[in-house]
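# need a structure here:
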Amino acid sequence: MTAIKHALQRDIFTPNDERLLSIVNVCKAGKKKRNCFLCATVTTERPVQVNVVKVKKSDKGDFYKRQTAWALRDLAVVDAKDAIKESPEFDLHFDKVYKWVASSTVEKNTFISCIWKLNQRYLRKKIDFTNVSSQLLEELPKVAEESVPSGENQSVAGGDEEAVDEYQELNAREEQDIEIMMEGCEYAISNAEAFAEKLSRELQVLDGANIQSIMASEKQVNILMKLLDEALKEVDQIELKLSSYEEMLQSVKEQMDQISESNHLIHLSNTNNVKLLSEIEFLVNHMDLAKGHIKALQEGDLTSSRGIEACTNAADALLQCMNVALRPGHDMLHAVKQQQQRFSDLREQFARRLASHLNSVFVQQGHDQSSTLAQHSVELTLPNHHPFHRDLLRYAKLMEWLKNTDYGKYEGLTKNYMDYLSRLYEREIKDFFEVAKIKMTGTTREGKKFATLPRKESAVKQETESLHGSSGKLTGSTSSLNKLSVQSSGNRRSQSSSLLDMGNMSASDLDVADRTKFDKIFEQVLSELEPLCLAEQDFISKFFKLQQHQSISGTATNEAEEMDGGTLSRSYASGIPQTISSEKDMIRQMMTKIFRCIEPELNNLIALGDKIDSFNSLYMLVKMSHHVWTAQNVDPASFLSTTLGNVLVTVKRNFDKCISNQMKQMDEVKISKKSKVGILPFVAEFEEFAALAESIFKNAERRGDLDKAYIKLIRAVFVSVEKVANESQKTPRDVVMMENFHHIFATLSRLKISCLEAEKKEAKQKYTDHLQSYVIYSLGQPLEKLNHFFEGVEARVAQGIREEEVSYQLAFNKQELRKVIKEYPGKEVKKGLDNLYKKVDKHLCEEENLLQVVWHSMQDEFIRQYKHFEGLIARCYPGSGITMEFTIQDILDYCSSIAQSH
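Residues are numbered from 1 along each chain as shown. The predicted model follows:
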């Protein structure tokens, strides 16, 4: 069994770091006898694991293999079957009951004893041992500490009966001693039994010697025992003394416990006092408002800079005290509640006092500013609000405080500011526009009486007094002024007069100087409004603490939009409630309410300028576009950008209306049936419009609008010229077309309008075509019979008759040719050319000065016809010697003398 145990330890358990403690040879009960081994093992590494391993011998070889392993902690019951009678059977209860029969009762008892010891040491009696002898369970023989093959010393409590028989691996010293001993015996290897008997005899000799030595030392043992007894007595005395000392120390211990408990209570009290002091200091430091701040909030002077600064500091300190982050439980303290209530009362009191004072400042500003209106009533300037803004900006921090603490009063102040300032600005702006309208109506010579009409002193006084009221009105209204200007202009011309009338008026009354003066007035109006709006917007942002955010995505006015009469979206029209989505929207809404009169007044001013002269829409379009572009570069979503964009739509409509009226007047133009046509009035008017537009739109932002208008107008001019030419009775159609298209071509060449290059080429082509047509048509009359004769000759040739055989035709023989030629001697030719010159002179107008051009073209055409006739004579009448009775030189002399004589 020892050899098997050694083999199992070496081959199976040592590689797995396990130590074999006990082994039993068993077979399963009730089955064919097939032996195997149950092994009790422990691991050499901690924590120690105890296992029961089933090992069996392989069928094919002389080696063992591990079959099944159970953890000892899973073993519930060990049943030995009978505690009195010896029996090799026993049961182990794991997940199920395993019944075994040991090869011997001794092996069975040894194995169960080992299991019990392992249970006592590692599992603390968790296994139930049934039918096991009590002697077997109580037997705990002492065994020496076993040495594990791995070198780690492990032992089972109480030892093992088989421990002395357990295999122990020899160390190097022991191996060396055994080798020396075996070398001293010759038959140690050949006869192991004899060697074992020899060793046994030597061992018995040694045991006898040991016993004799022990018996010889009995006297020393007795002495030693006596000494041990005396030592025990001394130990008892020492224990008595220690007991007395312990009683004394026990009383000291109780006193020390009391002292320790007292010290603990003192420490706890000190800790609580420190924490309480910290909380009180926190509340005092963060919720205590200085008396100076309280006095400033209650009685501080809100008119002086020093008082405003003191109130501002006090308000900030109050806000900090109210916004302090209280720790848990602070809000339940009565003193904290009182202090919070006191802060709330102070906040309410100061907010009410601040709102009342600022309302008074707003009202006073309206009265003070109204007193300055009289000096601006005759000048085209707007009052400066910078001093008022400067004074109010001192309260900006207080307004921010009010916004954060009492938004209701903040909103009330905002509304009151808009109400007071809107009335004030309305009076100023209306008076400013009245002055602008008076100056505008004085731009025309006939309307200058408006500028010389002084406003009566009583009227001025009445206006100044009315401005001090909340709803005062100017005595001179826009509607009355418009009526006056319309009546004045109606005496000179009707608004629906023809384009010819308007052209004549432009040449007399509305000259370039007057239009330039109107342009300067309109520019001054916009230049005065822009800084006023920007300054007010900047003040509102700073005073009411509204941050302005520039927007690059969407604008209230899309400058790239096609504004051909379309309506631009007006996001902030009056009377429509708006949802304020941001502070930027609030700024724009406030500006819209304060300056609600700017857009209507600008539209009225634009309407007046359009009534004075429809060409003023060109000036207004350029100026307004420039100001819109400038405003959008500053802030595309601002009130100024939105308002000017909306007004720009109106200006663009007036411009489109001006173009449409010109086109309509072209359709309605009538020409005289008794006089020659000459240059049509709308052609001259287009020249004036183009020259004026080019001077106005030079480097303008809205050049595209003008180019579109050019295209519309020039096409209408082309259509109307052809219409008038077709209807003309006095002047030939070719003359009307030739003269007017020549004038159009000259105009376009002089102005160099890039978008009309195609129309310029078309005008030149039409002029050239109709000049040629007129020349050919006119030259057919002086040599009429000769023309008819040669036309007949060409007709015969076209029918297939050879040119040299034409002279044999009866109607076209040589005699007939000589007869026709004799009818046109040089004198008759000169007479016919003279009559032609006079007729052409009657057809052409003096303004365009095309007579010499037409006459030179006729001379060239006449010479070409002469050469053509000479060529026909040479080909159709060869050798006849027939020639014309005048030469090319004669023609040149005739034309030159006729031109000089006239």
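
# which stretches of the stretch 101-250 of the chain have low pLDDT?
Flagging of the stretch 101-250 of the chain using pLDDT under 70 yields the residue ranges 125, 138-169.

# any idea where the strands of the stretch 101-250 of the chain begin and end?
Along the stretch 101-250 of the chain, the segments classed as strands by DSSP state E, counting those that start in this stretch run 128-130, 146-147, 153-154.

# which elements pack onto the first one?
Looking back up the chat, that one is strand 128-130. In terms of contacts (3 or more CB pairs under 8 Å, 6 or more residues apart in numbering; DSSP states H and E), strand 128-130 is packed against strand 77-79. For the C-beta atoms, the positions are set from N, CA and C on the backbone; glycine is no exception.

# next secondary structure after the strand it packs on?
As assigned by DSSP states H and E, the chain's next helix or strand after strand 77-79 is strand 89-93.

# who does that following strand touch, helix- and strand-wise?
In terms of contacts (3+ CB pairs under 8 Å, 6+ apart), strand 89-93 is packed against strand 77-79, strand 97-102.

# got the contact list for the helix or strand containing N740?
Secondary-structure assignment from DSSP H and E places N740 in helix 733-751. For helix 733-751, the external contacting residues (CB atoms under 8 Å, 6 or more residues apart in numbering) are 677-680, 683-684, 686-687, 690-691, 694, 714, 717, 721-722, 724-726, 728, 756, 759-760, 763-764, 766-767, 770-771, 773-774, 777, 843-845, 848, 850, 854.

# how about the helices in the stretch 651-800 of the chain?
Assigned by DSSP state H, counting those that start in this stretch, the helices in the stretch 651-800 of the chain fall at 681-696, 703-727, 733-751, 757-779, 784-798.

# most tightly packed of the ones you listed?
helix 733-751 (a mean of 22; mean count of other CB atoms under 10 Å).

# orientation of that helix relative to helix 757-779 in degrees?
Helix 733-751 and helix 757-779 are oriented at 150 degrees to each other (axes from the mean of the first three to the mean of the last three CA atoms, to 10 degrees).

# mind saving the C-alpha coords of helix 733-751 as CSV?
Backbone C-alpha positions of helix 733-751 (Å, rounded to 0.1, in the frame of the first residue of the first chain) are rendered in CSV as follows:
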residue,chain,number,x,y,z
ARG,A,733,-42.1,106.3,-93.1
ASP,A,734,-38.4,105.8,-94.0
VAL,A,735,-37.6,109.3,-93.0
VAL,A,736,-39.3,108.9,-89.6
MET,A,737,-37.5,105.7,-89.0
MET,A,738,-34.1,106.9,-90.3
GLU,A,739,-34.0,110.1,-88.3
ASN,A,740,-35.3,108.7,-85.0
PHE,A,741,-33.1,105.6,-85.0
HIS,A,742,-30.1,107.7,-86.0
HIS,A,743,-30.9,109.9,-82.9
ILE,A,744,-31.2,106.8,-80.7
PHE,A,745,-28.0,105.4,-82.0
ALA,A,746,-26.2,108.6,-81.4
THR,A,747,-27.6,108.8,-77.9
LEU,A,748,-26.5,105.3,-77.0
SER,A,749,-23.1,105.8,-78.5
ARG,A,750,-22.5,108.9,-76.5
LEU,A,751,-23.8,107.5,-73.2
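
# helix 703-727 and the helix holding N740, what's the angle between them?
Between helix 733-751 and helix 703-727, the angle comes out at 160 degrees (the same axes, to 10 degrees).

# tell me how far helix 733-751 lies from the chain's centre.
56 Å (CA atoms, centre = their mean, to the nearest Å).

# just want the angle from that helix to helix 681-696.
10 degrees.

# quick one on the thing from earlier: redo the helices of the stretch 651-800 of the chain as a markdown table? Include mean pLDDT and distance to G871.
Shown next, in a markdown table, are these (pLDDT from 0 to 100; distance: least, CB to CB, whole Å):
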| stretch | mean pLDDT | distance to G871 |
| --- | --- | --- |
| helix 681-696 | 84 | 42 |
| helix 703-727 | 85 | 35 |
| helix 733-751 | 86 | 28 |
| helix 757-779 | 84 | 17 |
| helix 784-798 | 83 | 10 |
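
# nearest to Y808, of the ones you listed?
Each of those has some distance to Y808 by CB to CB; the shortest is helix 784-798, at 10.3 Å.
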